[in-house]
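>>> This is a predicted model, with the sequence first.
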Amino acid sequence: MTEKRPPAVVLLSGGLDSATCMAIAREQNYAIHALSFRYGQRHEYELDRAVALAKHFDAVAHRIVEINLSQFGGSALTDQSIVVPKSDSVEQIGDAIPVTYVPARNTVFLSLALALAETIGSVDLFIGVNSLDYSGYPDCRPEYIAAFEAMANLATQSGTSGRKLTIHTPLIDLTKAEIIQTGLRLDVDYSMTLSCYDPGPGGKPCGHCDACLLRQKGFNENNLQDPAG
């Protein structure tokens, strides 16, 4: 008899990091419940990639949840009147929290992932946050994840009944180059992913936003061409 795989909720944006994170969850023999969000993002093309990736990695379920963070604005990703910053090199990316930060996004996403986890009997959440090659988002840091995990175990039926919930962040201490190396080992097809914050028609990457530049840096450091163009 085949041993039953434990269920895990995997946050799946359709980008490079979340695809790698999902591949790691699959390698660890979890039954993947992929969770994506249509939240008013200007780069909604990423959801097409999320659908394809969920199928590629044999997710047992894939939900796309509709929430409208654009009604609050405050970010270049959810407010079309705010310009997405563009640069010619990674070195030009500033140290301040950029306007592509979406207020409370990971808190909202993780809260909904937590709700799903409770309904499917899961105590494992995977999120592809990264604290090294990233654009300065406060909700990608280890201390944030630790705080949310502690809150989750206080706020849920499973946590208060002794079933400790874990938020897995397998990419958090990796460089973008190391993330790509990990994904290639796990047969991630990066041509299926989209990282760009401001894609053109058909989801063509702009090549100059922070996400594009950091992605290209990772491929360059591996002496590889980005298969997504």
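The structure has been received and is ready for your questions.
>>> Tell me the first helix or strand C-terminal of the strand ranked longest in the chain.
In the chain, with assignment by DSSP state E, the single longest strand is strand 31-38. Using DSSP states H and E, the helix or strand that follows strand 31-38 towards the C-terminus is helix 46-56.
>>> What are the buried residues along that next one?
For helix 46-56, the neighbour count (16 or more other Cβ atoms under 10 Å) marks 46, 47, 49, 50, 51, 53, 54, 56 as buried. No exception for glycine: its C-beta is placed from N, CA and C like everyone else's.
>>> Could you tell me the angle between that helix and strand 31-38?
Inter-element angle recorded for helix 46-56 and strand 31-38: 170 degrees (by axes from the mean of the first three to the mean of the last three Cα atoms, to 10 degrees).
>>> for the helix or strand bottoming out on mean pLDDT in the chain, the distance to its chain's centre please.
Of all helical and strand segments in the chain, the minimum by mean pLDDT, DSSP states H and E falls on helix 157-160, at a mean of 92. Centroid separation for helix 157-160 versus its chain: 25 Å, with Cα atoms, centre = their mean, to the nearest Å.
>>> so what does the helix or strand just after it touch, helix or strand wise?
For helix 157-160, the following helix or strand on the C-terminal side (DSSP H and E) is strand 166-168. For strand 166-168, the elements it packs on are helix 16-27, strand 124-126, helix 142-155, judged by 3 or more Cβ pairs under 8 Å, 6 or more residues apart in numbering; DSSP states H and E.
>>> Restrict the last one to CA atoms and write it as CSV.
Written as CSV, here are the backbone C-alpha positions of helix 142-155 (Å, rounded to 0.1, in the frame of the first residue of the first chain):
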residue,chain,number,x,y,z
PRO,A,142,13.2,35.5,8.7
GLU,A,143,12.0,37.4,11.8
TYR,A,144,8.7,38.2,10.1
ILE,A,145,8.2,34.5,9.2
ALA,A,146,9.0,33.4,12.7
ALA,A,147,6.6,35.9,14.2
PHE,A,148,3.8,34.9,11.8
GLU,A,149,4.4,31.2,12.6
ALA,A,150,4.2,31.9,16.3
MET,A,151,0.9,33.8,15.8
ALA,A,152,-0.5,31.0,13.6
ASN,A,153,0.1,28.5,16.4
LEU,A,154,-1.8,30.7,18.8
ALA,A,155,-4.7,31.5,16.5
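>>> Residue 207: neighbour count?
Neighbours of residue 207 under the rule other Cβ atoms under 10 Å: 16.
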